[in-house]
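**Q** Coordinates for the following, if possible.
(chains A, B, C and D)
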Number of protein chains: 4
Amino acid sequence: MLGDNRYGKAETRVVRVDRSGAAHQIKDLNVSVALSGDFTAVHLTGDNSNVVPTDTQKNTVFAFARDGIGEIEDFGLRLARHFVNEFESVHTARVTIEEFAWHRLHDHAFERAGAEKRTCLVTVTREQAWIVGGISDLVLLKTTDSEFHGYIKDRYTTLAETSDRIMATSVDARWRFGETQADWQRSFATITGCLKGQFAAHHSLSLQQTLYAMGETALQAVPEVVEVRMAMPNKHHFLVDLSPFELTNEHAVYFAADRPYGLIEGSVLRENAPDPGQAW
Amino acid sequence: MLGDNRYGKAETRVVRVDRSGAAHQIKDLNVSVALSGDFTAVHLTGDNSNVVPTDTQKNTVFAFARDGIGEIEDFGLRLARHFVNEFESVHTARVTIEEFAWHRLHDHAFERAGAEKRTCLVTVTREQAWIVGGISDLVLLKTTDSEFHGYIKDRYTTLAETSDRIMATSVDARWRFGETQADWQRSFATITGCLKGQFAAHHSLSLQQTLYAMGETALQAVPEVVEVRMAMPNKHHFLVDLSPFELTNEHAVYFAADRPYGLIEGSVLRENAPDPGQAW
Amino acid sequence: MLGDNRYGKAETRVVRVDRSGAAHQIKDLNVSVALSGDFTAVHLTGDNSNVVPTDTQKNTVFAFARDGIGEIEDFGLRLARHFVNEFESVHTARVTIEEFAWHRLHDHAFERAGAEKRTCLVTVTREQAWIVGGISDLVLLKTTDSEFHGYIKDRYTTLAETSDRIMATSVDARWRFGETQADWQRSFATITGCLKGQFAAHHSLSLQQTLYAMGETALQAVPEVVEVRMAMPNKHHFLVDLSPFELTNEHAVYFAADRPYGLIEGSVLRENAPDPGQAW
Amino acid sequence: MLGDNRYGKAETRVVRVDRSGAAHQIKDLNVSVALSGDFTAVHLTGDNSNVVPTDTQKNTVFAFARDGIGEIEDFGLRLARHFVNEFESVHTARVTIEEFAWHRLHDHAFERAGAEKRTCLVTVTREQAWIVGGISDLVLLKTTDSEFHGYIKDRYTTLAETSDRIMATSVDARWRFGETQADWQRSFATITGCLKGQFAAHHSLSLQQTLYAMGETALQAVPEVVEVRMAMPNKHHFLVDLSPFELTNEHAVYFAADRPYGLIEGSVLRENAPDPGQAW
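**A** Predicted structure coming up:
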């Protein structure tokens, strides 16, 4: 029996240049499409008569980019609505976009900015649409104002309690809008500012507490957002034991470890948040 | 308001050597733990009194490895049950394991085998347990017996229909067991054999059809499995146009593209499959 | 017969926090050490009596970090000189460092800046020392002012000449100093500024010409540098053919390709540059 | 002043299928070309009249693949000779190839074999040619027969001596031929066998000794090879301290670390080896 299924073209890398002004504008995106609907025949018999080829999906991304991209949430909505409206067999279209940021050096020259990416996840059915904005790979570190103690001890506990540690993480945050129209750019800027600001200002007793505070601040600042989901690895920085060399190490020299790492995931919801439906 | 949340230690790389026989045995794992339960306080106030530190989780993985690992599904069950049984605040424990395979060169020397990894996902609550086995990064290619035609054409279609193309993919398959006891090793070997064998033998009209056939064959071969989920990227190999050089190209020279790629995801279920609950 | 050989500890990830002021300072490095010298015995008979263990090299990196890191070129020199001076068997020490930049958010909170890394390569023998500074992963793009025509045509040529294309690259530049004392920080800032500025301002007839202009400008600006070596991949952006959809594409929509890519490597030397010796 | 320079198309991914027999054959390559010669004008003035575009190089790789690839050393020679013979401005052509291995599942179906890659590096001038074969990413591990002691101790030494440790590495070996004609396939198989066999059989007092023994065995087995260069990271496996849990750990449970790692590089030469010239 066929269960859940979907298919689409992943990671179409489209760059759109707007040359209408003296200073060129660029949008640099990685677009993935996934369609689901009436696709039993293709699985059971290889009958492709309901199938929109993934190659066509890629072409559609490029063709739609021609008329301008705008905010990625809007571009995702236009694309997803096209697939649902144009093709009877497509019941749900999901468009995932990563946007790479560029700093301007000159009227038509740019430098890639940061490793962080703005993201969105747009899901459209014939009845409804859901918009999720986001940021990923936002790497943050604080050198103090982070404690960790009072946890459960058992026979496998060796970790020492600490009232001063480095806290470092790579934030992957996504926020669900209650509506399908909003000032996407402003909400991105506001939420990103809240996440950074609260990470910096918060006196942390655990990474979970910091995560919650970051999400809460973002929710308070942007009324059109109803939920913030975050995944934050705890990128451990261990104080190096220099005592064998007869040296002290007063929170000065750390080893940045790769693996294993803590992984903290959580969601902060507005109290009257609408049901997420197929948003995630 | 706090929504769904979980936390744990990700990617603990444990290698276990068994020296009891003349020929040493090794198990090489990447183990991730995620716990959820009564963790509201740590998010809201930073009160860690319900928190099992991720460092302790890592220690537990190492300590449990000492008494032997066995099949990864069993090792995952032992670990997950420990966290749920030992700590009142932990309501659900999920253990994800990747196992790297080694070929024997000698009594105590080995060569890393393949890029594919055996995987499992074990979820345990106080009431129930779910086991999912799997394989990832299994890269397969067939040079013929793959067609693609009869699909929807619209104004954005440029893809030519073909009755002979290269089909290549990297299989990520996961299978849900109906029980919490089974011959894990044999089911892994049988299902992996079915996936490869059916990929090779199947005359494909679409990647979806191949995916379904692969899952169906696996379900038929292993009664204790009730669902197979697969994600299979379509790793495109494009026939190079050599006509500008006055050369023919009769399905001989291909360009292997990186991005974009098709991504086909689907599930094949036994008809009377039990509800998946928290298995996935 | 034993030929060239060297060994060392690679990729020690050390983070140094300076808490002496109200605003904390951090240095975040990836340090690799490679030693060569009198190491025939260890290769031929496994006699380790001349060997400084790589574990000790790692410890030394951490211990030396304790007294402050300063500029990476100086830290590399201190480390390399230590190994050569302390151990008779070590004739040459090479220290390679990558430095990750952080933007300040707050007195003691930081955001990882850019993907680019400052680098250095320090080589020390008992007689001499060589310093090479650098930057890697500096991703630049210009939307116009780049032409490419007048090249050789043969039977395998299909590329159309263009007077307006996107030029994008990821600069890996390294510069050799004529001296072992300099204002490393200022030279880094000046050269990086020159590379970006000249990339932006230059009207390019080929990526080679741009590379040379970038290096020449840097050499002119920093007298203590005698050579600049650059590797610059040509990250192709292909104009998408939208004509099948009856759409024009006036330098608007591009596909950013991953592979293959052009790779342009070149060196710009001051005329009276001293012999590089073992600098590279 | 312009110093050393070269340019070319990197990482052309070509797959060649031979359908002449009932069982199809495939060759799966990643080909990089780098040309140097009379390229001063393009750097100084952007005059491309001596430039073979990298796009043409890519086309040439595909066109040459049409007539069959054969052994990668021969394919590299054909390509490199073409560039040097056809274009007066090209004085040296270097072709680097990685070959991915596939296991046969069926007449026309394959499974990607291992992560290791066969490699070659072919350098051709108008006067001479050099061939270097190789293997990379060959991951080996032995659970015993590896000691490490008798090394230098200084104030930064904390490593304990051991007479039994895990030794693991990822071999990158390259071998230089004394001639431009040889049985490339047989030499690859023989050398790869020697490297694995000697790694397994050798009782190691240091990774350097193992490296030398591996290279020496390979040189002895293949007379047409005059030098073997190897880079072998020491992929550390640390015995986990289980004593806090009142458990012993008799060489049973290890933590596989990512970074830092030792990096051992060395060359083994035949005594009368010809000068390497531009081989490397």
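
**Q** Pull out the buried positions in the one helix or strand A:F188 maps to.
**A** Applying DSSP states H and E as the criterion places A:F188 in helix A:184-201. Applying a neighbour-count criterion of 16 or more other C-beta atoms under 10 Å in any protein chain shown, one finds A:184, A:187-188, A:190-192, A:194-200 buried in helix A:184-201. From N, CA and C alone the C-beta is placed, and that goes for glycine too.

**Q** How about the residues of the stretch 151-280 of chain A by chain B?
**A** Residues of the stretch 151-280 of chain A lying near chain B by C-beta under 8 Å from any C-beta of the partner chain: A:151-152, A:154, A:156-159, A:204-209, A:211-212, A:227, A:229, A:233-234, A:259-271, A:273.

**Q** which among these are in contact with chain D?
**A** A:156, A:158, A:259.

**Q** which one of those is nearest A:H103?
**A** For these, the minimum distance to A:H103 (C-beta to C-beta) is 31.9 Å, reached by A:R259.

**Q** what's the residue nearest to that closest one when sequence neighbours are not counted in contact with, if anything?
**A** Of all residues not flanking A:R259 in the chain, B:E11 sits nearest, at 4.4 Å (C-beta to C-beta, 6 or more residues apart in numbering or on different chains). Neighbouring residues of B:E11 by C-beta atoms under 8 Å, 6 or more residues apart in numbering or on different chains: A:259-261, B:30-32.

**Q** Now do the same for the residue in the stretch 151-280 of chain A positioned nearest to chain C: its pLDDT.
**A** Using C-beta to the nearest C-beta, A:A200 is the residue of the stretch 151-280 of chain A that sits closest to chain C, at 3.4 Å. In this model, A:A200 is scored at 98, pLDDT.

**Q** quick one: it and C:H24 touch, right?
**A** No: applying C-beta atoms under 8 Å as the test, A:A200 and C:H24 come out as separate, 11.7 Å apart.

**Q** hmm, back to that, who does the helix holding A:F188 touch, helix- and strand-wise?
**A** Helix A:184-201 makes packing contacts with helix A:72-86, strand A:129-142, strand A:167-177, helix A:207-221, strand A:225-234, strand C:90-106, strand C:109-125 when contacts are defined by 3 or more C-beta pairs under 8 Å, 6 or more residues apart in numbering or on different chains; DSSP states H and E.

**Q** How about A:G46, nearest residue that isn't a chain neighbour?
**A** B:L205 (2.7 Å).

**Q** and if you look at A:V15?
**A** Nearest in space to A:V15, with sequence neighbours left out and distances taken as C-beta to C-beta, 6+ apart, is C:Y254 at 4.3 Å.

**Q** ok, A:P233 - contacts?
**A** A:169-170, A:261-264, B:10.

**Q** swap the cut-off to 10 Å and go again
**A** A:139, A:168-172, A:207, A:260-265, B:10-11 (C-beta atoms under 10 Å, 6 or more residues apart in numbering or on different chains).

**Q** re the thing from before, drop anything exposed from the ones next to chain D among the residues of the stretch 151-280 of chain A next to chain B.
**A** Taking 16+ other C-beta under 10 Å as the criterion, what is buried in these is A:156, A:259.

**Q** Could I get the ones next to chain D among the residues of the stretch 151-280 of chain A next to chain B in JSON lines, plus columns for secondary structure, distance to A:N48 and pLDDT?
**A** Below are those laid out as JSON lines (DSSP: H, G, I helix; E, B strand; the rest coil; distance: C-beta to C-beta, whole Å; pLDDT from 0 to 100):
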{"residue": "A:Y156", "secondary structure": "coil", "distance to A:N48": "55", "pLDDT": "98"}
{"residue": "A:T158", "secondary structure": "coil", "distance to A:N48": "58", "pLDDT": "98"}
{"residue": "A:R259", "secondary structure": "coil", "distance to A:N48": "43", "pLDDT": "98"}
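
**Q** so which of the ones next to chain D among the residues of the stretch 151-280 of chain A next to chain B comes closest to A:A93?
**A** For those, the nearest to A:A93 is A:R259 (36.5 Å; C-beta to C-beta).

**Q** does the residue of the stretch 151-280 of chain A closest to chain C really touch C:H108, like I thought?
**A** Yes: contact criterion C-beta atoms under 10 Å: A:A200 and C:H108 qualify, at 8.1 Å.

**Q** Common neighbours of the two, please.
**A** Common contact partners of A:A200 and C:H108 (C-beta under 10 Å, 6+ apart): A:142, A:145.

**Q** Helix, strand, or coil at A:V14?
**A** strand (DSSP: H, G, I helix; E, B strand; the rest coil).

**Q** Tell me the residues of chain A that contact chain D?
**A** Residues of chain A lying near chain D by C-beta under 10 Å from any C-beta of the partner chain: A:154-158, A:241-242, A:244-247, A:255-260.

**Q** secondary structure class for the residue of chain A found nearest chain D?
**A** With C-beta to the nearest C-beta, the shortest gap between chain A and chain D falls at A:D258, namely 4.3 Å. Following three-state DSSP, the label given to A:D258 is coil.

**Q** Tell me how many other residues surround A:S20.
**A** 9 (other C-beta atoms under 10 Å in any protein chain shown).

**Q** and the gap between it and chain B?
**A** Using C-beta to the nearest C-beta, to the nearest Å, A:S20 is found at 25 Å from chain B.

**Q** A:R66 against C:V240, yeah?
**A** Yes: A:R66 is within contact range of C:V240, at 8.5 Å (criterion: C-beta under 10 Å).

**Q** ok, back up a step: tally of neighbours for the closest residue to the residue of chain A closest to chain D other than its chain neighbours?
**A** Leaving aside its sequence neighbours, A:D258 sits nearest to D:D258 (C-beta to C-beta, 6+ apart; 4.3 Å). Neighbour count of D:D258, defined by other C-beta under 10 Å: 14.

**Q** Tell me the confidence at A:H203?
**A** We have a pLDDT of 97 for A:H203.

**Q** residues contacting the residue sitting furthest away from the middle of chain A?
**A** Most distant from the centre of chain A: A:E246, at 45.5 Å, with distances by C-alpha atoms, centre = their mean. By C-beta under 10 Å, 6+ apart, the contact list for A:E246 reads C:63, D:155.

**Q** Can you tell me how far A:T217 is from A:W175?
**A** Using C-beta to C-beta, to the nearest Å, A:T217 is found at 12 Å from A:W175.

**Q** Can you pull the residues that touch both of the two?
**A** Common contact partners of A:T217 and A:W175 (C-beta under 10 Å, 6+ apart): A:191, A:195, A:228, A:268.

**Q** re earlier: the residue nearest to A:G46 contacts B:E161, doesn't it?
**A** No: judged on C-beta under 10 Å, B:L205 makes no contact with B:E161 at a distance of 11.2 Å.

**Q** shared neighbours of the two, anything?
**A** Common contacts of B:L205 and B:E161 (C-beta under 10 Å, 6+ apart): A:48, B:147-150.

**Q** Verify the stated contact: A:A189 with A:A218.
**A** No: using C-beta under 10 Å as the test, A:A189 is too far from A:A218 to be in contact (11.5 Å).

**Q** which neighbours do A:A200 and C:H24 share?
**A** A:142, C:104, C:106-110.

**Q** quick one on the thing from earlier: run through the residues that contact the residue of chain A closest to chain D.
**A** Neighbour list for A:D258: A:235-236, B:11, B:13, C:11, C:13, D:257-259 [criterion: C-beta under 10 Å, 6+ apart].

**Q** Closest one to C:P223 out of these, please.
**A** C:P223 has its nearest neighbour among the contacts of A:D258 in C:E11, at 33.5 Å by C-beta to C-beta.

**Q** And the closest one, how far from D:H236?
**A** For C:E11 relative to D:H236 (C-beta to C-beta), the value is 12 Å.

**Q** overlap in contacts of those two?
**A** Joint contacts of C:E11 and D:H236 (C-beta under 10 Å, 6+ apart) are D:258-261.

**Q** ok, which pair from these is furthest apart?
**A** Comparing all pairs in the shared contacts of C:E11 and D:H236 by C-beta to C-beta, the longest separation belongs to D:D258 and D:P260, at 8.7 Å.

**Q** Dump stretch A:223-232 to CSV, keeping only the CA atoms.
**A** Coordinates of each C-alpha in stretch A:223-232 appear next as CSV, following Å, rounded to 0.1, in the frame of the first residue of the first chain:
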residue,chain,number,x,y,z
PRO,A,223,2.7,40.1,16.4
GLU,A,224,2.1,38.4,13.1
VAL,A,225,4.3,35.5,14.1
VAL,A,226,2.5,32.8,16.2
GLU,A,227,5.3,30.3,16.8
VAL,A,228,9.1,30.2,16.8
ARG,A,229,10.9,26.9,16.5
MET,A,230,14.6,26.7,17.2
ALA,A,231,17.4,24.1,17.0
MET,A,232,20.5,25.2,18.8
